[in-house]
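Peer 1: Predicted model and sequence follow; I will ask about them next.
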Amino acid sequence: ELEVVSDSLSKLKAQLNETKLEHSVALAETAKVNAEKDTISARLASLVNKEQTLEVREVEFQGSVQETAVLATELSNKEKRLKTHDLNLQAKDAQLQAREVEVSSMISTLQERQEKIDQETKSLASERIRQREELE
């Protein structure tokens, strides 16, 4: 009977050792799974961080797009003002040229009158000289 009990005890010890071994294997597998889970969690956190960074960059980009649109509008308005100013200058230049032609015409008319007056003055002077000579 002692032998049977000893045999049973040996079998139980063998089963216990086998169970301990299985438990150790299960713990190792659990540790491996936990390590993989931690790796996946770290990757997920990295992806979330990258996504947030991209969202921030997208907001910054949208801000830049809006700022560019504002600057383009300002530039367009300035170009329109410059065109208007240029047209005004062209109109003033045309007015000045017309006035220059008018003044030039007036000068020509005055020169013609001056020439007529000079001719009449010479003619009158010649007539006076002739009349004096006749009187003398």
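Peer 2: Received, thanks.

Peer 1: Could I get the full set of helices for the protein?
Peer 2: For the chain, applying DSSP state H gives helices covering 2-135.

Peer 1: Give me the below-cutoff pLDDT ranges for it.
Peer 2: Nowhere does the chain drop to pLDDT under 70.

Peer 1: Now do Glu120: how many residues are near it, please.
Peer 2: Glu120: 10 surrounding residues under other CB atoms under 10 Å. From N, CA and C alone the C-beta is placed, and that goes for glycine too.

Peer 1: I'd like the numbering to begin with 13 instead of 1 from here.
Peer 2: Shifting the count to begin at 13 puts that one at Glu132.

Peer 1: I'd like to know how far it sits from Arg144.
Peer 2: Glu132 sits 18 Å away from Arg144, taking CB to CB, to the nearest Å as the criterion.

Peer 1: Check Thr65 too.
Peer 2: Distance check for Thr65 against Arg144: by CB to CB, it reads 113 Å.
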